[in-house]
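1. build the 3D model from these lines:
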Amino acid sequence: IMSEIRVTNVIGENGSSPVNFTQGINMSGIVTATSFVPTVGQLSHRNKVINGAMNICQRAVSENNISASGYYIADRFNINMVNVGSFRTNLFQSTQSPDGFNNSLGVSIGTGTAGAIASSERVSLEQRIESQNLQDLAFGTSAAKSFTLSFYVRSTRTGQYGINMRQHDSGKDYNEKFDISSANTWERKIITVTGNTGDTFADDNGIGLWFRIMLRAGSNSVGNVNYQSWGSSDDDKAPTGQQTTWGTDASDEFYLTGVQLEVGSVATPFEHKSEQEELLRCYRYYYKMGKLDYKGTHMAANEVYGIGMSDNDNTNIYCQINFPVPMREPPSTLDQAGASNYNVRRDTTQTCTGNPSLTSGSEFSFRVNFPKSSHGWGTGQMLWCMSAGSSSYLGFSAEL
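-> All right, here's what the predicted structure looks like:
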């Protein structure tokens, strides 16, 4: 049984004029607040960028001169260089950051690098996102969704900078640009990209999408072929109008943080995650044991990586190392500090005579060889595989 009360007029207790419900209620001035919540997708874990606040930096925190493209900066962010020499310096800054952020990624010009930009030159900051994490964009269907990239940026150089989006499987590009209007001032930029109805993302752990923020682009690396639309690859070019003077002065700097890529046409406030959660997400692509510089800690002498077993050749000692999370794929490279930084021990401690190296394993664990020629312990002996000092570390890479 349902009861109802029907009201035509409501009169205030002071005898004020009645509200006539048959004429409706004035809704003017009421804010729907669509700019504060996602228009598409879930409330949490909407940011498809990993480490957008630059809080995790396993590889280094001090200045590093860069001679080739690679992940030399904050985790998951790559500096991509084409036709340039050994002159870039990257920084991991905790002092240059906007309100609400502890860190930013910084790039400056290194020694002897300032000057005119070569026509074929291109330098960008980028992140690559797995295909299987982009299925909710519904690319390749009539329901393909837009996505929005937002970030905080600060530069010594004002002007227009380029954005290049690449859908890896299809080879399609989408170009945009943004303005930096005030030098040495943090500005938030928002770029919405229309969905691609013609090409799908493979449902796998390969590259699905990567975005590039162009710092330098020579005349051969700019063009309007795919400006604000998806089109066939134009050699990863920046849009016409790309700022071309950054890096011509030795004092030029560029800082980036608060990077977020989310489904929908609205840029929501940056989604901050705990350090522990972000670190585990980074471990899927790069896992470092020891010498965690960004935490201010180092591995001491004779700390243990794992338990190893001697082989029958009086040289090789194999240590099984388990990863804290499954890596994207079995790691393909092992970063290490040189043989003198590693010890093996049973009843005595001996220094390795060769660099630790990958032997076999999976995305869950891997066997690492700690070689010590003529160790004299025989076959099948259980041994500790250890550090030899604070410079010791192991870095397993399964980057895209």
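2. okay, CA-based contacts and neighbour counts for the rest of this
-> OK.
3. same question for stretch 237-252: list its buried residues.
-> 237-247, 249, 252 (16 or more other Cα atoms under 10 Å).
4. for the record, mean pLDDT for the helix or strand hosting residue 395?
-> Secondary structure from DSSP states H and E places residue 395 in strand 394-397. What strand 394-397 shows for mean pLDDT is 97.
5. give the pairing partners of that strand; include direction for each.
-> strand 286-289 (antiparallel), strand 333-336 (antiparallel) (DSSP bridges).
6. what's the last one in contact with?
-> In this case it means strand 333-336. Contacts with strand 333-336, where a contact means Cα atoms under 8 Å, 6 or more residues apart in numbering, come from 355, 356, 357, 358, 392, 393, 394, 395, 396, 397, 398.
7. go on, stretch 310-329?
-> Residues outside stretch 310-329 that contact it (Cα under 8 Å, 6+ apart): 205, 280, 283-287, 305-309, 362-383, 385, 398-399.
8. which of the residues you listed fall in strands?
-> 286-287, 305-309, 365-369, 382-383, 385 (DSSP state E).
9. let me know the closest of those to residue 338.
-> Nearest to residue 338 among those, counting by Cα to Cα, is residue 369 at 12.9 Å.
10. separation between the closest one and residue 307?
-> 11 Å (Cα to Cα, to the nearest Å).
11. low-confidence regions, this protein specifically.
-> The chain contains residues with pLDDT under 70 at 1-39, 41, 62-67, 85-92, 110-113, 234-236, 244.
12. which residues touch stretch 122-133?
-> 48-49, 76-84, 201-218, 221, 400.
13. how about it, which residues are buried there?
-> Those would be 122, 123, 124, 125, 126, 127, 128, 129, 130, 131, 133, for stretch 122-133 by 16+ other Cα under 10 Å.
14. in TSV: the residues you listed, plus distance to residue 326 and secondary structure.
-> Shown next, in TSV, are those (distance: Cα to Cα, whole Å; DSSP: H, G, I helix; E, B strand; the rest coil):
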residue	distance to residue 326	secondary structure
122	34	strand
123	32	strand
124	29	strand
125	26	strand
126	24	strand
127	20	strand
128	18	strand
129	17	strand
130	15	strand
131	17	helix
133	16	helix
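15. reformat the residues you listed as JSON lines; add distance to residue 269.
-> Below are the buried residues of stretch 122-133 laid out as JSON lines (distance: Cα to Cα, whole Å):
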{"residue": "122", "distance to residue 269": "31"}
{"residue": "123", "distance to residue 269": "28"}
{"residue": "124", "distance to residue 269": "25"}
{"residue": "125", "distance to residue 269": "22"}
{"residue": "126", "distance to residue 269": "21"}
{"residue": "127", "distance to residue 269": "20"}
{"residue": "128", "distance to residue 269": "22"}
{"residue": "129", "distance to residue 269": "20"}
{"residue": "130", "distance to residue 269": "23"}
{"residue": "131", "distance to residue 269": "24"}
{"residue": "133", "distance to residue 269": "21"}
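16. please identify which pair of the residues you listed lies farthest apart.
-> Farthest pair in the buried residues of stretch 122-133, by Cα to Cα: 122 and 133, 27.9 Å.
17. where do the strands sit along the stretch 151-300 of the chain?
-> Ranges of strands in the stretch 151-300 of the chain, per DSSP state E, counting those that start in this stretch, are 159-167, 172-180, 187-193, 207-217, 231-232, 253-263, 286-289.
18. now these in TSV, with mean neighbour count and distance to residue 318?
-> Output for these, formatted as TSV (neighbours: other Cα atoms under 10 Å; distance: least, Cα to Cα, whole Å):
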stretch	mean neighbour count	distance to residue 318
strand 159-167	22	41
strand 172-180	22	45
strand 187-193	17	49
strand 207-217	22	32
strand 231-232	16	48
strand 253-263	24	41
strand 286-289	20	17
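19. closest one to residue 71 among those strands?
-> strand 286-289 (9.9 Å).
20. before we move on, the earlier item: ok, so of the buried residues of stretch 237-252, who is nearest residue 54?
-> Among the buried residues of stretch 237-252, and counting by Cα to Cα, the member closest to residue 54 is residue 252, at 20.5 Å.
21. confirm for me that that closest one is in contact with residue 154.
-> No - contact criterion Cα atoms under 8 Å: residue 252 and residue 154 do not qualify, at 11.0 Å.
22. setting aside sequence neighbours, what's the nearest residue to residue 328?
-> Nearest non-adjacent residue to residue 328, counting by Cα to Cα, 6 or more residues apart in numbering: residue 284, 5.4 Å away.
23. so who does the one you found touch?
-> Neighbours of residue 284 in contact, by Cα under 8 Å, 6+ apart: 325, 326, 327, 328, 398.
24. coming back round to it: turn the strands paired with strand 394-397 into JSON lines, including distance to residue 313.
-> Formatted as JSON lines, the strands paired with strand 394-397 follow (distance: least, Cα to Cα, whole Å):
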{"stretch": "strand 286-289", "distance to residue 313": "27"}
{"stretch": "strand 333-336", "distance to residue 313": "23"}
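25. and the ones you listed: which comes nearest residue 265?
-> Residue 265 lies closest, by Cα to Cα, to one member of those: strand 286-289, at 31.5 Å.
26. just the CA trace of the closest one, in PDB.
-> What follows is strand 286-289, C-alpha atoms only, in PDB (Å, rounded to 0.1, in the frame of the first residue of the first chain):
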ATOM      1  CA  TYR A 286      61.400  -1.700 -12.900                       C
ATOM      2  CA  TYR A 287      62.300  -3.300  -9.600                       C
ATOM      3  CA  LYS A 288      65.400  -2.100  -7.800                       C
ATOM      4  CA  MET A 289      67.000  -3.800  -4.800                       C
END
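27. got a list of contacts for it?
-> The contact list for strand 286-289, computed with Cα under 8 Å, 6+ apart, reads 58-59, 75, 305, 323, 327, 393-399.
28. please indicate which of the residues you listed has the highest neighbour count?
-> When neighbours are taken as other Cα atoms under 10 Å, the top entry among the contacts of strand 286-289 is residue 75 (26 neighbours).
29. quick one: contacts for the residue nearest to that one when sequence neighbours are not counted?
-> Closest residue in space to residue 75, ignoring its immediate chain neighbours: residue 57 at 5.2 Å, by Cα to Cα, 6+ apart. By Cα under 8 Å, 6+ apart, residue 57 lies in contact with 73, 74, 75, 92, 293, 294.
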